[in-house]
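Novice: got a structure for you, letters missing:
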RNA sequence: GCCCUGGUAGUAUAGCGGCCCAGUAUGCGGCGCUGUCACCGCCGUGACCCGGGUUCAAAUCCCGGCCAGGGCGCCA
């Protein structure tokens, strides 16, 4: 069969439903796919087959074709005639004359992929590849792929260059999160917690760069929104100021969501994802505004203290959607962030309700000031020797942000647990599969 | 790292000292059904996390273990 020219051609086009004369009444068609469900009746059976992430109904009238091997999760090939009918899910079905089971399940599955009783996430993650065959997940991860595609589309159109920076790094820390140590031949190395320093350096050569890649955090956080390995969309650009960066980020988010709603509305609807309101400008509050609000509405909070998740939940509920918190206290920010004055910084977080999606700001480009930043955050200049050296050769004023792609997908899909939107999540407790 | 909660057929759940050798739905096996769409109907199958204790009596109460879920903190 695979030697059949027509078939090879179709495989190359990524189509496993092969209809010689198109989807027309009476056309010959064959389909390769996975059995999702079987509804057997006395004289005929309806089988829903997944092919190429779409559902196709096949009708089997010849009882001899209903072998015991035809079960949910069987991989089959079937050939027959197309019939156009409103009674079929997508307006057509295939009346099968011949059928082969290419791969039959060896065991009963731990859960029924079509059931409305959704098994606990922990069990589903143990059998993730099977879980991902659930129609809900097929749609969810299709949206995730589209989302990344639209991010790339947007940034590329704004003349950003996509780059990849090392994930194995030597420098212990840029401060903040704990790192995963590992042996690099005979040296101590770490998994990168972010591409921060590299992307900054790259503005000197490419001016505008972005990277979509993994970041690693060895934090013992056990929450619904933290992972040990996450995907970050990092953007960095020369000459952009705090307001420019917020404009860019806001414009990008709106571009991506508009695309999703326009081009993938069906899929969005199928997973019952919320339709996010992006008609208005995202409000921009200063850190100090938020502190004032917390003091008035939640509890006493000193200016300069970090905002806890409780504070952000309360404030976010009050705002209701996307918003920025800008001009954070300098002492809460890493060494490379540009000071606004003695106490505050040119920085911002993009929030959706209580969830932090992105963090960014202007960066220091003066090497003397950068040394001061290192000192301020208790880091040694020695560890950043190579990075500091770069700043001697014409580092432009620059800024950028990092967006948590997984968290963004939580917002897009309405998932409450970040693990739902990651194929194979890594957290404190889970390293397999 | 600290705190709280929970583990009942393959899955999702009810029961919370005796009405329970554990109920329901779904799955699985069988039979019936002329077009279904989580098809339907009937029959069957299959479970109280592990170890100790309290009690006349434990799925139910207590202690320990293992596993899981959630909150706080850290962090993004």
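Specialist: In hand now; what should we look at? If you're wondering where the values come from, they're calculated on a predicted model, not measured in any experiment. Numbers count the residues shown, from 1 in each chain, chains lettered A, B, ... in the order given.

Novice: right, and residue A:29 touches residue A:17 too?
Specialist: Yes: counting by Cβ atoms under 8 Å, residue A:29 touches residue A:17, with 6.6 Å between them. Backbone N, C-alpha and C define where each C-beta goes, glycine included.

Novice: so which of those two has more stuff around it?
Specialist: residue A:29 (25 against 18; other Cβ atoms under 10 Å).

Novice: what packs against the helix or strand hosting residue A:290?
Specialist: Per DSSP states H and E: residue A:290 is located in helix A:287-297. Here helix A:287-297 touches helix A:309-319, strand A:322-326, going by 3 or more Cβ pairs under 8 Å, 6 or more residues apart in numbering; DSSP states H and E.

Novice: just the helices in chain A please.
Specialist: Ranges of helices in chain A, per DSSP state H, are A:5-12, A:121-126, A:128-131, A:135-157, A:196-206, A:242-263, A:265-270, A:287-297, A:309-319, A:367-376, A:385-390, A:405-413.

Novice: mean pLDDT for these: which is lowest?
Specialist: For the helices of chain A, mean pLDDT drops lowest on helix A:5-12, to a mean of 50.

Novice: now residue A:72. Nearest residue, chain neighbours left out?
Specialist: Nearest non-adjacent residue to residue A:72, counting by Cβ to Cβ, 6 or more residues apart in numbering: residue A:35, 5.6 Å away.

Novice: near RNA strand B, which residues of the stretch 251-400 of chain A?
Specialist: Within the stretch 251-400 of chain A, the positions near RNA strand B by Cβ under 7 Å from any atom of the strand are A:306, A:308, A:309, A:310, A:313, A:334, A:349, A:356, A:359.

Novice: those residues, buried ones only, as a PyMOL selection?
Specialist: Provided next is the PyMOL selection string for whichever of those are buried by 16 or more other Cβ atoms under 10 Å:
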select buried, chain A and resi 334+349+356+359
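
Novice: would you list the residues of the stretch 251-400 of chain A next to RNA strand B in TSV and tack on distance to residue A:213?
Specialist: TSV is the format used below for these (distance: Cβ to Cβ, whole Å):
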residue	distance to residue A:213
A:306	27
A:308	29
A:309	26
A:310	32
A:313	29
A:334	19
A:349	21
A:356	19
A:359	17
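
Novice: I'd say residue A:124 and residue A:131 touch.
Specialist: Yes: using Cβ under 8 Å, residue A:124 is in contact with residue A:131, at 4.0 Å.

Novice: any residues in contact with both of those two?
Specialist: residue A:111 (Cβ atoms under 8 Å, 6 or more residues apart in numbering).

Novice: residue A:58 against residue A:50, yeah?
Specialist: No: the pair residue A:58 / residue A:50 is not scored as a contact, 11.4 Å apart, by Cβ under 8 Å.

Novice: out of these two, which sits in the more crowded spot?
Specialist: Of the pair residue A:58 and residue A:50, residue A:58 is the one with more neighbours under other Cβ under 10 Å, namely 24 against 21.

Novice: which ones are touching residue A:217?
Specialist: Contact analysis of residue A:217 by Cβ under 8 Å, 6+ apart lists A:177, A:178, A:179, A:193, A:226, A:227, A:228, A:230.

Novice: count of neighbours near residue A:94?
Specialist: When neighbours are counted by other Cβ under 10 Å, residue A:94 registers 27.

Novice: then the one 10 residues further on?
Specialist: Using other Cβ under 10 Å, the number of residues around residue A:104 comes to 15.

Novice: try the one 4 residues further on
Specialist: The local packing of residue A:108 (other Cβ under 10 Å) involves 10 other residues.

Novice: so for it, what pLDDT did the model give?
Specialist: pLDDT, residue A:108: 89.

Novice: who in the stretch 51-200 of chain A is up against RNA strand B?
Specialist: A:57, A:59, A:68, A:71-72, A:83, A:85, A:87-89, A:93, A:95, A:108, A:110-112, A:114-123, A:176-178.

Novice: mind listing which of those are in strands?
Specialist: Within those, residues falling in strands by DSSP state E are A:57, A:59, A:83, A:93, A:95.

Novice: let me have those residues in a markdown table, extended by neighbour count and pLDDT.
Specialist: Shown next, in a markdown table, are those (neighbours: other Cβ atoms under 10 Å; pLDDT from 0 to 100):
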| residue | neighbour count | pLDDT |
| --- | --- | --- |
| A:57 | 21 | 92 |
| A:59 | 19 | 94 |
| A:83 | 17 | 91 |
| A:93 | 23 | 91 |
| A:95 | 16 | 93 |
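
Novice: just name the closest of these to residue A:364, please.
Specialist: Nearest to residue A:364, judged by Cβ to Cβ, of those is residue A:57 at 61.3 Å.

Novice: my read: that closest one touches residue A:93, true?
Specialist: Yes: contact criterion Cβ under 8 Å: residue A:57 and residue A:93 qualify, at 4.3 Å.

Novice: residues contacting residue A:32?
Specialist: If a contact means Cβ under 8 Å, 6+ apart, then residue A:32 has A:16, A:51, A:75, A:76, A:77, A:102 as its contacts.

Novice: skipping adjacent residues, who's closest to the fifth one in space?
Specialist: Just to be clear, that refers to residue A:77. For residue A:77, ignoring the flanking residues on the chain, the nearest one in space by Cβ to Cβ, 6+ apart is residue A:100 at 4.7 Å.

Novice: how close does that neighbour sit to residue A:49?
Specialist: Residue A:100 sits at a distance of 13 Å from residue A:49 (criterion: Cβ to Cβ, to the nearest Å).

Novice: please say which of these two ends up with more neighbours.
Specialist: residue A:49 (25 against 14).

Novice: the closest residue to the more buried one other than its chain neighbours pairs with what?
Specialist: Take residue A:49 and drop its neighbours on the chain: the residue closest to it by Cβ to Cβ, 6+ apart is residue A:33, 4.0 Å away. In this entry, residue A:33 is beta-bridged to residue A:76, by DSSP bridges.

Novice: for residue A:101, see how far away residue A:33 is.
Specialist: Remark: distance between residue A:33 and residue A:101 (Cβ to Cβ) = 12 Å.

Novice: swap in residue A:56?
Specialist: According to Cβ to Cβ, residue A:56 stands 16 Å off from residue A:101.

Novice: which one of the two is surrounded by more residues?
Specialist: Each of residue A:56 and residue A:101 has its neighbours counted (other Cβ under 10 Å); residue A:56 has more, 23 against 17.

Novice: on that earlier part again, residues shared between the contacts of residue A:33 and residue A:101?
Specialist: Shared contacts of residue A:33 and residue A:101, defined by Cβ under 8 Å, 6+ apart, comprise A:75, A:76.

Novice: now do the contacts for the residue nearest to residue A:77.
Specialist: A:76, A:77, A:78.

Novice: out of these, who has the most neighbours?
Specialist: With neighbours taken as other Cβ under 10 Å, the top of the contacts of residue A:100 is residue A:78, carrying 27 neighbours.
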